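Novice: just a sequence and a predicted model for now, questions to come.
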Amino acid sequence: MSKRVRVRFAPSPTGGLHLGGVRTVLYNYLFARKHGGDFLVRIEDTDQTRYVAGAEEYIFNTLKWCGLEPDESVQHGGNFGPYRQSERKASYRQYAEQLVLAGQAYYAFDTPEELEKMRQDFKTTENPSPQYDHTIRLKMRNSLTLSAEETSQLLAAGTRHVIRIKMPENETVSFTDMIRGEVRFETGTVDDKVLLKADGMPTYHLAVVVDDKAMEISHAFRGEEWLPSAPVHILLWKYLFGIDQMPQWAHFPLILGPNGKLSKRDGAKYGFPVFAMNWTDPKTGELTEGFKEKGFLPEAFINLLALLGWNEGTEQEIYSLEELVEKFSMERVHSAGAKFDYEKAKWFNHEWIKQSGVGSLEPGVGNLLKENGLEVPSRETLRKVIELVKERCTLLTDFVQQSSFFFKTPETIDTAAVKPKWNEAKKLFFTELIRNYELATDWDAHTLENNFKEIAAVNELKPGELMLPFRIMLVGGKYGPGVFDIAALLGKAETLQRIETAMKLLQD
RNA sequence: GGCCCGUUCGUCUAAGGGCUAGGACACCACCCUUUCACGGUGGUGAUACGGGUUCGAAUCCCGUACGGGCUACCA
């Protein structure tokens, strides 16, 4: 038997990919890389009523942006296709029939109305949501209650039906979760899940087992919300392929929002992204903001996701993808859910911007400035600006505000910050500064600062009282890197121009 | 309601029987900086509760409470 590590991410293409989904991808990816195995993406599109145009494409774009490319998928090819469940439709029915034959599943002819009636009829205070289980199934219309003749007649007539698993009445099913250890269930408390739907498509329960087997998946990872249906999958493995063939399971803790499981609504409500990238619902046209567009670096996004539920046991917090591959281990994934903290997320991004080289920041920042109507004179200037302002940018989008004054004369000057202390002496100083700078042959920050301070000394003024006005003149407000660095980069003409313009404004 | 999972500062977490319960984010103060940041120093702040086991428990066991998930012909 093959021992090769093969893991899969199996999204349902019904909308944008959120935090938790990307983290599941990440942990799959890290595990595969760490063990020299394969990482594949399988599209779980068995519910045709939930088809959403563009969702599949979106998923792959997201993976690309994150740098988590699969080895095999609809887009990447591979020897275990098709990688889309709807294209595997033909392969599921035989397994369901096999189970019926073995007495481990049965045909059920109940209509949606009959099911609804059952739920109403058996609903009590103690049991608000009755399940189709061993206590109920003999009261329903299925091959257990119908005679063999009736059943085959109905089938022959093409009556709509599903195939349900027949959960044993009194067995204990247990398995070892890589994160939680042994988990056990009493089969009597689990309902008879539908395996094959009336349209001939499998439900998740059947498909996940059949496909994991077909694709030789060695380790199956998913969110904790799947834990309650695990006994169904365990039993299916046992019945269909043998328990020794079953992959090892790990159920990841949930990522929580302010009120339980994180939802895209939380994002809108609390003002932080939930999806990896912008997602526009094709039906409603509703836009859900993504981390990418919000100004996150993919490296930071990956980094913060990795630490949401896993840690190495050291005090390190900043990890590159390569480092994560090296250090990741499933044993150190937490079992408790983690509440998403947007403040910390931003901190990760800030750290990544600070430590990123100018070269890697340049394309993104360049585009961003262009999109915001700022003309960058040269790559050289752009690089210098990035170097100068990057440590005060938490999000990539902050570069716009932090550097616009390098490329455009400020539209508004915060004269209110200067005016109250503006006087004849200062006016004289700047007049003299203009004269001095006009004659300057060396236009570098150091020289500019020296000259500035000399003139201040001659006029018996404190440089500190002059630097703020100078900054306001060049930048328009109380922010930005060192003033002389700004002046140096702005060049002589533009610097002098801005001083003069501002001085006129201060006269009024 | 039933089933399952979980519970260390507000948040993410470290400490896999021996501690003044450590770090990070956020917050506060101070220093640096003649802007804003960066950086530095310090501070506030946690083992849900009750029983065991043990010389010793955040750590192991049981119960309670609380939180979360699931309870569809959705994944």
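Specialist: Yes, it's here. Please read these numbers as outputs of a predicted model, since none were measured by experiment.

Novice: what about stretch A:259-270, start to end distance?
Specialist: 11 Å (C-alpha to C-alpha, to the nearest Å).

Novice: contacts for it?
Specialist: A:15-16, A:18-20, A:225, A:254-258, A:272-275, A:288-289, A:340, A:342 (C-beta atoms under 8 Å, 6 or more residues apart in numbering). Bear in mind the C-beta positions are built from the backbone N, C-alpha and C, glycine included.

Novice: tell me the mean pLDDT for that stretch?
Specialist: On average, the pLDDT along stretch A:259-270 is 90.

Novice: close to RNA strand B, is that stretch?
Specialist: Yes. Against RNA strand B, stretch A:259-270 shows contacts by C-beta under 7 Å from any atom of the strand at A:259, A:260, A:261.

Novice: can you report how many residues lie near residue A:321?
Specialist: Neighbour count for residue A:321, taken as other C-beta atoms under 10 Å: 19.

Novice: tell me the confidence at the nearest residue to residue A:42 once chain neighbours are set aside?
Specialist: Nearest-residue entry for residue A:42: residue A:10, 4.6 Å, with adjacent residues in sequence omitted and distances by C-beta to C-beta, 6 or more residues apart in numbering. In this model, residue A:10 is scored at 97, pLDDT.

Novice: among the contacts of stretch A:259-270, which ones are in helices?
Specialist: Applying DSSP state H to the contacts of stretch A:259-270, the entries found in helices are A:19, A:20, A:342.

Novice: touching, the first one and residue A:302? I think so.
Specialist: No. In this structure residue A:19 lies outside contact range of residue A:302 using C-beta atoms under 8 Å: 11.5 Å.

Novice: ok so, going back, surely the residue nearest to residue A:42 meets residue A:40?
Specialist: No. Taking contacts as C-beta under 8 Å, residue A:10 lies outside contact range of residue A:40: 9.1 Å.

Novice: in which helix or strand does the residue in chain A that RNA strand B sits nearest to reside?
Specialist: Closest to RNA strand B within chain A is residue A:464: 1.8 Å, counting by C-beta to the nearest atom of the strand. Assigned by DSSP states H and E, residue A:464 falls within helix A:463-475.

Novice: dump that helix to PDB, restricted to CA.
Specialist: What follows is helix A:463-475, C-alpha atoms only, in PDB (Å, rounded to 0.1, in the frame of the first residue of the first chain):
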ATOM      1  CA  PRO A 463      15.300  75.100  14.800                       C
ATOM      2  CA  GLY A 464      12.500  73.200  16.500                       C
ATOM      3  CA  GLU A 465      10.100  76.000  16.100                       C
ATOM      4  CA  LEU A 466      10.900  76.200  12.400                       C
ATOM      5  CA  MET A 467      10.800  72.600  11.400                       C
ATOM      6  CA  LEU A 468       7.100  72.200  11.900                       C
ATOM      7  CA  PRO A 469       6.200  75.100   9.700                       C
ATOM      8  CA  PHE A 470       8.700  73.800   7.100                       C
ATOM      9  CA  ARG A 471       7.100  70.400   7.200                       C
ATOM     10  CA  ILE A 472       3.600  71.900   6.800                       C
ATOM     11  CA  MET A 473       4.900  73.900   3.800                       C
ATOM     12  CA  LEU A 474       6.200  70.800   2.100                       C
ATOM     13  CA  VAL A 475       3.800  68.100   3.200                       C
END
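
Novice: got a quick ChimeraX command for the buried subset of the ones in helices among the contacts of stretch A:259-270?
Specialist: Buried members of the ones in helices among the contacts of stretch A:259-270, defined by 16 or more other C-beta atoms under 10 Å, are picked up in ChimeraX with:
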select /A:19,20
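
Novice: distance to residue A:188 added to the ones in helices among the contacts of stretch A:259-270, as JSON lines?
Specialist: Shown next, in JSON lines, are these (distance: C-beta to C-beta, whole Å):
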{"residue": "A:19", "distance to residue A:188": "36"}
{"residue": "A:20", "distance to residue A:188": "31"}
{"residue": "A:342", "distance to residue A:188": "44"}
